[in-house]
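Colleague: How does the following fold in three dimensions:
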Amino acid sequence: MKAAVIHQYGDSSQLEVSDIAVPAIKADEVLVENMATSINPIDYKARQGLLQGMFQWQFPVVLGWDIAGRIIAVGDDVHDFHVGDAIFARPDIDPIGKNGTYAEYTAVKADKLARKPDNISFEAAAAVPLAGLTALQILRQLQVKAGQKVLIQAGAGGVGIYAIQLAKKLGAYVATTASQSNRDFVTSLGADRVIDYHQGTIAEVLSDYDAVFDMVGDIDNGIAILKPGGHFVTISATLTEAQKQTANKTVSEGWLETNGQDLAILADAITDGTLEIVVDSVYPLTTDGIRAAHERSETHHARGKIVVKVKVTELEGE
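Modeller: From the prediction side, this is the model:
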């Protein structure tokens with residue numbers, strides 16, 4: 001099958017589309033024919049070798065953690081999904097790095113799957129799993145409730161777009177950081193207050209917040225604006241022990257725990273029209289395409305998700 005692989009860590013030039021073996025599935029897995037995948041910041045960090053302390057991958061490595069496609073085979077223990085089902089998922093991370101989603105086929109555990117909403121394309125569906133699940137689960141970790149004030153950093157980014165919308169669905173007052181050029185965009189998603197990060201720190205303009213969702217590593221300022229009893233979670237930095245022990249505030253790191261149940265919650269919100277998917281750009285699964293997609297991600301200026309079209313199909317809109 002066709003897949004984008006790296007043979008060593010480095011810059012985007014290490015990405016190359018070549019032919020590798022189709023993955024075999026276990027009894028609790030399905031084989032997905034991928035129609036689309038997407039790019040997340042963790043992808044280029046992995047490509048650079050920054051995750052070596054967590055995973056002992058064996059080259060060649062196939063990156064990617066989002067898929068949307070159709071099931072073409074099911075394991076013996078899989079009963080809730082069937083061949084032909086249109087699904088999307090954030091698969092488990094392969095401990096040896098062979099089963100990424102920058103490929104025509106990916107093996108996925110059945111408990112990580114959700115059915116693709118009928119009202120979106122495969123490309124749109126591929127933009128949801130990692131970013132959407134992260135937003136949902138971190139807001140849950142922050143214990144966001146109706147009437148509370150929450151700061152969501154980087155509101156125009158992949159995770160931020162979902163976090164703003166989901167926090168508003170919970171009834172929260174939402175502040176976010178964004179560039180001036182993205183002010184109207186994040187406001188359209190539901191942000192009540194927009195702070196231009198070029199104009200100063202959040203601590204200079206915000207205070208007495210119930211929750212802070214950090215995606216930019218602005219730890220001390222984020223903690224500073226919390227009210228006593230407030231919650232702070234970062235997904236972009238390693239906290240010091242002193243930060244974790246901040247008096248009268250809960251300060252912690254967050255990490256996605258992929259599962260199909262939470263993805264189904266997002267699917268329901270997409271189906272009923274209360275969760276919008278924003279796609280920044282679409283690239284083909286070619287060597288030039290995947291390199292350009294990574295380079296776009298590394299600019300930190302994408303508005304929404306960067307999608308890679310794996311396969312062209314007339315059934316995308318189904």
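Colleague: show me where the stretch 151-300 of the chain has helices.
Modeller: Taking DSSP state H, counting those that start in this stretch as the test, the helices found in the stretch 151-300 of the chain are 158-169, 183-189, 219-224, 241-244, 260-271, 287-298.
Colleague: and the shortest one, what does it pack onto?
Modeller: This means helix 241-244. Under the contact definition 3 or more CB pairs under 8 Å, 6 or more residues apart in numbering; DSSP states H and E, helix 241-244 sits against helix 219-224, strand 250-253. The way it works is simple: take the backbone N, C-alpha and C, and place the C-beta from them, glycine included.
Colleague: now the longest one: mean pLDDT?
Modeller: Think helix 219-224. The average pLDDT for helix 219-224 rounds to 98.
Colleague: In terms of helices and strands, where is the residue most central in space within the chain?
Modeller: The centre of the chain sits closest to A131, judged by CA atoms, centre = their mean, with a distance of 2.1 Å. If you go by DSSP states H and E, A131 is part of helix 129-141.
Colleague: May I see the buried residues of that helix?
Modeller: For helix 129-141, burial by neighbour count (16 or more other CB atoms under 10 Å) applies to P129, L130, A131, G132, L133, T134, A135, L136, Q137, I138, L139, Q141.
Colleague: Include distance to Q58 when you put these into TSV, please.
Modeller: Converted to TSV, the buried residues of helix 129-141 look like this (distance: CB to CB, whole Å):
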residue	distance to Q58
P129	25
L130	23
A131	27
G132	30
L133	27
T134	27
A135	32
L136	32
Q137	29
I138	31
L139	36
Q141	33
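Colleague: Would you mind giving these as CSV with pLDDT and distance to D92 added?
Modeller: Shown next, in CSV, are the buried residues of helix 129-141 (pLDDT from 0 to 100; distance: CB to CB, whole Å):
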residue, pLDDT, distance to D92
P129, 98, 12
L130, 98, 12
A131, 98, 17
G132, 98, 17
L133, 98, 13
T134, 98, 15
A135, 98, 20
L136, 98, 18
Q137, 98, 15
I138, 98, 19
L139, 98, 23
Q141, 98, 20
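Colleague: List just the nearest of those residues to K149.
Modeller: Ranked by distance to K149 (CB to CB), the buried residues of helix 129-141 are led by L139 at 13.3 Å.
Colleague: nearest to A36, of the buried residues of helix 129-141?
Modeller: P129 (11.2 Å).
Colleague: in this protein, which strand has the most residues?
Modeller: Secondary structure of the chain per DSSP state E: the longest strand is strand 29-39.
Colleague: Send me it as CSV with only the CA atoms.
Modeller: Output in CSV follows, covering the C-alpha atoms of strand 29-39 (Å, rounded to 0.1, in the frame of the first residue of the first chain):
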residue,chain,number,x,y,z
GLU,A,29,-9.4,-4.8,15.3
VAL,A,30,-10.8,-3.7,11.9
LEU,A,31,-8.9,-2.8,8.8
VAL,A,32,-9.9,0.7,7.5
GLU,A,33,-9.4,1.8,3.9
ASN,A,34,-8.5,5.4,4.6
MET,A,35,-10.1,8.2,2.6
ALA,A,36,-8.5,11.1,4.6
THR,A,37,-6.2,11.8,7.5
SER,A,38,-5.1,15.1,9.1
ILE,A,39,-2.1,16.8,10.5
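Colleague: All set, thanks.
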